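> For reference, the sequence and a predicted model appear below.
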Amino acid sequence: MANVATIPSQGQILVNIEDMSMLRDIRKAISLLKGVGKITVPRTKRLTSYERSLRDLDEGRVYDYDSLDDLIKEIEG
């Protein structure tokens with residue numbers, strides 16, 4: 001009796017794109033390939049203002065002033 005390997009009916013390929021301006025052209029090129037059914041692009045999760053604030057803290061984009069007057073002087077230039 002012979003062993004027969006089954007071929008999956010569907011598969012996925014993950015493509016990392018560095019230049020997102022090329023996304024439309026890459027999707028078009030992939031869709032021209034025989035056997036390609038559906039192309040989906042996962043959307044990035046939008047961060048809440050709280051999550052953006054935490055990221056600013058982690059990346060050091062935080063300014064410290066001794067008083068409100070010091071902040072106003074900095075803003076005025």
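On my side now, so go ahead.
> Tell me which residues touch K45, please.
Contacts for K45 (C-beta atoms under 8 Å, 6 or more residues apart in numbering) come out as none. All C-beta atoms are positioned from the backbone trio N, CA, C, and that covers glycine.
> same thing but 10 Å
Residues near K45 by C-beta atoms under 10 Å, 6 or more residues apart in numbering: E51.
> which residues of this structure score low on pLDDT?
Within the chain, the ranges that satisfy pLDDT under 70 run 1-8.
> residue boundaries of the helices in it?
In chain order, the chain shows helices spanning 23-31, 49-58, 68-76, with DSSP state H as the criterion.
> Compile the ones you listed into CSV and extend it with columns for mean neighbour count and distance to G37.
CSV is the format used below for the helices of the chain (neighbours: other C-beta atoms under 10 Å; distance: least, C-beta to C-beta, whole Å):
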stretch, mean neighbour count, distance to G37
helix 23-31, 12, 9
helix 49-58, 10, 35
helix 68-76, 9, 55
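> Quickly note the distance from the residue positioned nearest the centre of the chain to D70.
In the chain, the C-alpha nearest the mean C-alpha coordinate belongs to T44, at 4.6 Å (C-alpha atoms, centre = their mean). The gap separating T44 from D70 is 37 Å, by C-beta to C-beta, to the nearest Å.
> Great, nothing more from me.
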